[in-house]
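Student: this is a predicted model, with the sequence first.
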4 protein chains.
Amino acid sequence: MKVGILGATGYTGLELIRLLSKHPYAEIVYITSRTFDDKTISEIYPSLNNFCDLSLEKLNLEKAVSLCDLIFTTLPSSYAFKLAEMIEGSQKKLIDLGSDFRFDSFETYEKWYFPKEKVTSYENFNRVYGLPEIYRERIKNVQIVANPGCYPTSVLLGLKPLLTNNLIKDNIIIVDSKSGVSGSGHEPKLGNLFSECNENLRPYNVVKHRHVPEMEQELSKLKKTEVNVIFTPHLVPMTRGILSTIYTKLDSNIEIDEIYSLYKNHYLNDGFVRILKPGLYPSTKDVYGSNFCEIGFELDKKTNTLIIMSAIDNLVKGASGQAVQNMNILFGFLENTGLDIIPIYP
Amino acid sequence: MKVGILGATGYTGLELIRLLSKHPYAEIVYITSRTFDDKTISEIYPSLNNFCDLSLEKLNLEKAVSLCDLIFTTLPSSYAFKLAEMIEGSQKKLIDLGSDFRFDSFETYEKWYFPKEKVTSYENFNRVYGLPEIYRERIKNVQIVANPGCYPTSVLLGLKPLLTNNLIKDNIIIVDSKSGVSGSGHEPKLGNLFSECNENLRPYNVVKHRHVPEMEQELSKLKKTEVNVIFTPHLVPMTRGILSTIYTKLDSNIEIDEIYSLYKNHYLNDGFVRILKPGLYPSTKDVYGSNFCEIGFELDKKTNTLIIMSAIDNLVKGASGQAVQNMNILFGFLENTGLDIIPIYP
Amino acid sequence: MKVGILGATGYTGLELIRLLSKHPYAEIVYITSRTFDDKTISEIYPSLNNFCDLSLEKLNLEKAVSLCDLIFTTLPSSYAFKLAEMIEGSQKKLIDLGSDFRFDSFETYEKWYFPKEKVTSYENFNRVYGLPEIYRERIKNVQIVANPGCYPTSVLLGLKPLLTNNLIKDNIIIVDSKSGVSGSGHEPKLGNLFSECNENLRPYNVVKHRHVPEMEQELSKLKKTEVNVIFTPHLVPMTRGILSTIYTKLDSNIEIDEIYSLYKNHYLNDGFVRILKPGLYPSTKDVYGSNFCEIGFELDKKTNTLIIMSAIDNLVKGASGQAVQNMNILFGFLENTGLDIIPIYP
Amino acid sequence: MKVGILGATGYTGLELIRLLSKHPYAEIVYITSRTFDDKTISEIYPSLNNFCDLSLEKLNLEKAVSLCDLIFTTLPSSYAFKLAEMIEGSQKKLIDLGSDFRFDSFETYEKWYFPKEKVTSYENFNRVYGLPEIYRERIKNVQIVANPGCYPTSVLLGLKPLLTNNLIKDNIIIVDSKSGVSGSGHEPKLGNLFSECNENLRPYNVVKHRHVPEMEQELSKLKKTEVNVIFTPHLVPMTRGILSTIYTKLDSNIEIDEIYSLYKNHYLNDGFVRILKPGLYPSTKDVYGSNFCEIGFELDKKTNTLIIMSAIDNLVKGASGQAVQNMNILFGFLENTGLDIIPIYP
């Protein structure tokens, strides 16, 4: 299977290459970069030496479509629309690590992302929101997968069993997330400098982060009623990892052991979700470099509030690992092909 | 004024020495250590070379009381009780950086700290909970100051204006705190090793942390009704700093500008509290090494939820700086004497 | 092939398990711990969940020998001697990640490591210093492999081509090494606390580090004359990685391009050694989590001094990865079996 | 005394403001920025809130000269020349934190810094290389102080006693330096991103760093013969701190205790140089935020090589602290005025 990566020099592009280079059925044939198109990818990232020494090319959508059976794109807003139109009717597949296709309605997309053009047929594309633990069956049959955002992945997996079992009372869910700096990408930005992030912790984009509508859309569908998310993302002085701490009011008196059983059973067939026994909490390092989502809980009996803690590696389950998982589903491979990785610790 | 520090080799002891060595009115005359009593403090901490080269002595409460006008203790549970009894009736003062005197009722203390002995006269000691921004006037006249915990300091300062102005609806307040590792002390513990903490973020003691009853006690008094705190502390890969993100439901429709004015006015005479304009958020590095508490907000209009973010240096405003602030009040010095420190950035 | 790991809960033990759990021909059947023998390894290290959930057992050398075809030991001084005696004459193999067998003479070993007992037959064991890039052929036929120290691995690989080609004038070689903190192990030690190491850089054991005699022994054999190493190790605020900066005076005028060719050719058949083109320097992150050693150079023309920079992951090529490489050689597997890992970046 | 800072928003500018804001005799009256000239400095750096809330202005050399008694400049190459010409003949003073005036000969300057214009009168300016521990007396009487580079400061202080006492044999000195990332400045550069620096150690500009000619010039003068420096700087994942490890061959047999006495006596009147007893090594954290230079040694008896380790805070003694020290000397204040700061630990 021939694979292309458009926007290969960002961190999610690099992580895709790391994972796909060891994938038994995928062959990377085309990688592009808008800034480094005169170099090989291993000149940019020497970690790839001898594993992937392909030359970066200038972005050419036609070439991508003609060369590849599957295109991964990490490009900014609107590129995925063009690609989607180009592959319509063909057997080609598209996995978008951007946000073009994450929304059910174009209005929501437009409101939060300000695309330059209107896409009239937005809802008609043969596509799905690519969180396998929710949409596995539909992913098998679509042409376009909208790979979820990093924060939404950690939050949706943390809440799904509660919502589908109708255990949450409130329609307001508080999500306090903490992310490593690699989530901010590979562009030189003042706020991402080592000296600005090290020995520092700071919230950003509080309640206004673009992942809010994405979470609300999917949570509302799971709960079958509109959910509001109060979301505070924080930047943590580490490279990889997201931990989301989620506060929800339970509808009835449930013991923590029952919640554990519920989650455990719910995710029985989801090999990348690890449920921790009561008393244990997740830690980002326990999933470092892997596609796992680790989930733990604590119950505040006095107030019947459940605290759900959900940890992922933002570049793997939060981006490129999930994209490969989606590829595996899309093409009928075993879901953990190329992803059966033990986290690196310490 | 002659000052002693019992338990001088922990990080709060060291920070007391750093601050007191430059204090114009305090002279450190007695420092103790249970493990390093054959050394000078600058042999343990070369950063103190030529600033404080005192010898560490074996703990001797009598000697402490006889030598010092003011005793700071960072010793574990119950030592402060003994000291309190020894200085009763004298002019000597005691500032306890431990938790012996933080509670109004001995039952609460007993339930969370398991002291070996019962203290019958617990409520009779001439003492106060030493958060100057609440109890400044009373601090002036007591003999014993219970220096607040680090997390409670950040939370109480973040909530006081709302509670005293009766703006919070709910009796349940969610506090999601993130702390640097120095809060876990100077003892060699597996979980505090560099390789365990670096590139790692993890919650700990969720809803069970000993700072919960301390926060609930003081918040309930401010709100004049019982408050429940749902508290999740997290360990962050940095040395210093606490950021508490606090979620509260507002009682009525208030604009964020009004909240800003309210806070700004409320803390007009509290020189160590910095209120940030709407749109700005605190960051732990902006208070690094200083006694400031920096507070910012964001309002989620849809749900009328106020998010308060409060940052301190856990070793300064969260411990030793606040202790020096209390000393200044206790002895009638200007409150920022020895504490007029610009945070170190970057 | 049945494999045991004695001392499995240290970081090198954990890394052995990470690598061996994905090795196609090795089955871990016995793991021991002196402190955690009532738990499973994945209770200690949740990163191993579902990959290795074996119970830790109390150390029992007899059991180890009877159960295993190959024993890895990370135990302290002298255990490997006992194991060596026990397997003598059998087909069992031993790879010692400690230092018992790294020396040609017992006197050197004794002088630096102070073993409690004398080992009379030290030189007679069927053993070799397990740096495959020097001793590959001999490793194939021994019973006991002395896995090299982390610093010596980086230094020997950095110098071998120069020494075997007789290009170094001086008998004195200066080695300035920088190591991540995981090299100091998993024991709770004051100096390894996060707050002591973070935002800190410090030298330690200058000229007295136990890896000096190991380096001198092997460098002297390569140069065929006695070499003195002036060695300064430094502790760097990172978890993994060693970079050794080596200063040598060249014997004659050589261009840097010739040196590059020399190294490139020298290591043509050593898949884990990456030689960087002139102008590029190694970086520890470029080998993170992998078994690679990355080597670069710079030439100071004025003084004809060559600066060699050599980077490894101290827990992989500097310890457990090299041990697996040795296992592969010992048992006739492809040398990179289970080690064909792309470094994680960023 | 009225003071201006040209280029106030870089890290050395910020550090100057931190130090000068608490200086009893200096008043900052003019600060400039090429990029943030519509803001106050405390909007850029909230750590300065209430300490310095001056507006940043567009650079105007005339205004600087007319308003200020003393100008600090952190501007790039050539600006200091213009300022020097403008203040010639006046009582105004200039401290250049750049490199314009660090060299004795314009040729050297030109060769390494490529200024756009030729400065014919380079050697005639009334100026001095501002390392107080060498040139204190001359600093008192000049108009222009060339504040030394960060690496040269650590290296010159580490070597001066040996060189002035003629104890070094060789004319070649090996310097292996390790620096925190703040030395690379406040500009958004790819290589300074958190994700690129964290968990990473890498050499850069090996033997070609611009601080080489500066070190060689001053070392040669101290040794009274030409000295060659082989210099390898490394980027370390920490914000502040430089540690230079210096390798020199001693001329004669000296015991380490003699060297200690020599250094101790040599620096008896240099309050910012701390000499460590034999057996102790410096650590960057022990000087964090302070103007100290901490120096330790180890002697390799076999080869008679002395290893000198010298630690500074690159932004204080390596830049802005030293600039304030120079100001104090220039204006006849006590040398540690405003600099009597205890390092922050941990």
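Tutor: Great, that's in hand.
Student: what about A:Pro76, distance to A:Lys116?
Tutor: Per CB to CB, to the nearest Å, A:Pro76 is found 11 Å from A:Lys116. Where C-beta positions appear, they are placed from N, C-alpha and C, glycine not excepted.
Student: give me the more crowded residue out of these two.
Tutor: More crowded of A:Pro76 and A:Lys116, by other CB atoms under 10 Å in any protein chain shown: A:Pro76, with 14 against 6.
Student: can you list the residues of the stretch 201-346 of chain A near chain B?
Tutor: A:201-204, A:206-207, A:228, A:230, A:232, A:234, A:236-241, A:243, A:245, A:247, A:281-285, A:288, A:296, A:298-300, A:302-303, A:305, A:307, A:309, A:311, A:346 (CB under 8 Å from any CB of the partner chain).
Student: buried subset of these, written for ChimeraX?
Tutor: Typed into ChimeraX, the next command selects the buried ones out of these (criterion: 16 or more other CB atoms under 10 Å in any protein chain shown):
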select /A:201,202,203,206,207,228,230,232,234,236,237,238,239,240,241,243,245,247,281,282,283,284,285,288,296,298,299,300,303,305,307,309,311,346
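Student: out of the residues of the stretch 201-346 of chain A next to chain B, which touch chain D?
Tutor: Answer for those near chain D (CB under 8 Å from any CB): A:Pro237, A:Met238, A:Thr239.
Student: secondary structure and pLDDT for these - can I get that in CSV?
Tutor: CSV is the format used below for those (DSSP: H, G, I helix; E, B strand; the rest coil; pLDDT from 0 to 100):
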residue, secondary structure, pLDDT
A:Pro237, coil, 98
A:Met238, coil, 98
A:Thr239, coil, 98
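Student: closest one of the residues you listed to D:Tyr11?
Tutor: Proximity of those to D:Tyr11 (CB to CB) peaks at A:Pro237, which lies at 17.3 Å.
Student: give the rounded mean pLDDT of stretch A:212-229.
Tutor: In this model, stretch A:212-229 has a mean pLDDT of 98.
Student: ok, now which residue in chain A is the farthest from the centroid?
Tutor: A:Lys302 (34.4 Å; CA atoms, centre = their mean).
Student: which residues touch that residue?
Tutor: B:Asn228 (CB atoms under 8 Å, 6 or more residues apart in numbering or on different chains).
Student: separation between it and chain C?
Tutor: Going from A:Lys302 to chain C by CB to the nearest CB, to the nearest Å gives 29 Å.
Student: next: A:Tyr79.
Tutor: 24 Å.
Student: what is the burial count for the residue lying closest to that residue once chain neighbours are set aside?
Tutor: Distances taken as CB to CB, 6 or more residues apart in numbering or on different chains place A:Thr73 nearest to A:Tyr79, at 6.0 Å, with adjacent residues excluded. Neighbours of A:Thr73 under the rule other CB under 10 Å: 27.
Student: would you check that A:Thr73 makes contact with A:Leu94?
Tutor: Yes: with contact defined as CB atoms under 8 Å, A:Thr73 and A:Leu94 form a contacting pair (7.0 Å).
Student: shared neighbours, the two?
Tutor: Listed as contacting both A:Thr73 and A:Leu94 by CB under 8 Å, 6+ apart are A:Ala80, A:Leu83.
Student: so in chain A, which helix runs the longest?
Tutor: The longest helix of chain A (DSSP state H) is helix A:150-164.
Student: packing partners for that helix?
Tutor: Helix A:150-164 sits against helix A:132-139, strand A:172-179, helix A:211-223, strand A:228-235, strand A:242-249, helix A:256-266, strand A:293-300, strand A:305-312, with contacts defined as 3 or more CB pairs under 8 Å, 6 or more residues apart in numbering or on different chains; DSSP states H and E.
Student: what about that helix, distance to the chain center?
Tutor: Taking the mean of its C-alpha atoms, helix A:150-164 sits 12 Å from the chain's own mean (CA atoms, centre = their mean, to the nearest Å).
Student: same question for it, mean pLDDT?
Tutor: 98.
Student: which positions in it come out as buried?
Tutor: Of all the residues in helix A:150-164, those buried under the rule 16+ other CB under 10 Å are A:150-163.
Student: repeat for stretch A:170-190
Tutor: Using 16+ other CB under 10 Å as the burial criterion, the residues of stretch A:170-190 that qualify are A:172-184, A:186.
Student: quick revisit: mind checking which of the helices and strands packed on helix A:150-164 is nearest chain C?
Tutor: For the helices and strands packed on helix A:150-164, proximity to chain C was assessed by CB to the nearest CB; strand A:293-300 is nearest, at 7.5 Å.
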